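1. Generate coordinates for the sequence data below:
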Amino acid sequence: METLLFLFPQFNYMAQKEEAYCKALEPQDSLPATMKEESCRHKDKERKSRLSLFLTKSGSHENVSPHKKTNTASRNISPEAALKWSNCFEEVMKDEDGVDVFSQFLRSEFSEENIEFWLACEDYRTVDSETKLLSKAKYIYTVFIEADAPKEINIDYSTKVAIEKSISQPTKSCFDVAQNKVYSLMQKDSYPRFLHSDIYLHLTRRKAPMFRRRSRSCVFNERGEATSEPSAW
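-> Below is the predicted model of the structure:
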């Protein structure tokens, strides 16, 4: 119970008094180094949790996308238009409706950070002001790149290190390698599943393919032993 009160003082109206009392008994400098380190890690984790909660509530896709997001259900997407997306992944990504529907699919798979990062990079390259470029670069790094980021993307260590080194003086191309890798991941991994998802099949007014399995019926011979024979399809 004491540990809970220490970690979450906001949930107890006596926390402030207890904390002041503890500080009076034991100065902060006398705390062991391990406890100070643990406290710093907890505060950092708490900060990132608050950032993740803020992004979830405000809709980070809206914040980073260069396009205005609208509800797909209210859009009049024709089956013909949606069928074009099955030609190749590029057809999805160059269509605003396609990006929005694909984003909904990724959210259903809990991998929306990929499309949000890709859109953030697209928006990042349109920035002209050096001040805004630095601000957006740090935002993208904090949200998508650094370890334990609230929407951390899956990229290799060397790419992360390269971005970290350039973040103090960012260029418009500093996220290009990471963006291309995320694009390739979505194309090879998520896109095939998207074409067989309910959300896409509903738009194209298709039905998911059904596979019939040959069944076997059980019969008994003269000895009372059960045997199986294939039945008709």
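
2. from here on, contacts and neighbour counts on C-alpha atoms
-> Fine.

3. Quick check: residue 200 touching residue 194?
-> Yes - taking contacts as Cα atoms under 8 Å, residue 200 lies within contact range of residue 194: 6.7 Å.

4. the more surrounded of these two?
-> More neighbours sit around residue 200 than around the other of residue 200 and residue 194, counting by other Cα atoms under 10 Å; the figures are 23 against 19.

5. That one belongs to a helix?
-> Yes - with the criterion set as DSSP: H, G, I helix; E, B strand; the rest coil, the secondary structure at residue 200 is a helix.

6. contacting residues around it?
-> Going by Cα atoms under 8 Å, 6 or more residues apart in numbering, residue 200 touches 82, 101, 194.

7. possible to save these as JSON lines with secondary structure, distance to residue 181 and pLDDT?
-> Conversion of the contacts of residue 200 to JSON lines gives the following (DSSP: H, G, I helix; E, B strand; the rest coil; distance: Cα to Cα, whole Å; pLDDT from 0 to 100):
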{"residue": "82", "secondary structure": "helix", "distance to residue 181": "25", "pLDDT": "95"}
{"residue": "101", "secondary structure": "helix", "distance to residue 181": "21", "pLDDT": "97"}
{"residue": "194", "secondary structure": "helix", "distance to residue 181": "19", "pLDDT": "98"}
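
8. so which of those residues would you say is closest to residue 170?
-> Ranking the contacts of residue 200 by separation from residue 170, with Cα to Cα as the measure, puts residue 101 on top at 31.5 Å.

9. how much space between the closest one and residue 131?
-> Using Cα to Cα, to the nearest Å, we find residue 101 at a distance of 33 Å from residue 131.

10. Could you do residue 125 as well?
-> As judged by Cα to Cα, residue 125 and residue 131 stand 13 Å apart.

11. thinking again about what came up before, out of residue 101 and residue 131, which sits in the more crowded spot?
-> Shown here are residue 101 and residue 131; by other Cα under 10 Å, residue 101 has more neighbours (21 against 10).

12. ok, now how distant is the more buried one from residue 108?
-> 11 Å.

13. now swap in residue 85 and tell me
-> In this structure, residue 85 and residue 108 are 19 Å apart, going by Cα to Cα.

14. Looking at those two, which one has more neighbours?
-> Neighbour tally, residue 85 and residue 108, criterion other Cα under 10 Å: the higher count belongs to residue 85, 19 against 11.

15. So that one sits against residue 94, correct?
-> No - Residue 85 sits out of contact with residue 94 when judged by Cα under 8 Å, with a separation of 9.6 Å.

16. Isn't residue 112 up against residue 106?
-> Yes - taking contacts as Cα under 8 Å, residue 112 lies within contact range of residue 106: 4.8 Å.

17. secondary structure element for residue 97?
-> Secondary-structure element containing residue 97, defined by DSSP states H and E: helix 96-108.

18. Give me the next element, helix or strand, following that helix.
-> Of the helices and strands lying after helix 96-108 in sequence (DSSP H and E), the nearest is helix 113-124.

19. Report the angle between that following helix and helix 96-108.
-> For helix 113-124 and helix 96-108, the angle between their directions (axes from the mean of the first three to the mean of the last three Cα atoms, to 10 degrees) works out to 140 degrees.

20. how near is the nearest residue to residue 155 once chain neighbours are set aside to residue 162?
-> What sits nearest to residue 155 in space, not counting adjacent residues and going by Cα to Cα, 6 or more residues apart in numbering, is residue 178, at 6.7 Å. Going from residue 178 to residue 162 by Cα to Cα gives 10 Å.

21. Over to residue 82?
-> 38 Å.

22. Nothing else from me, thank you.
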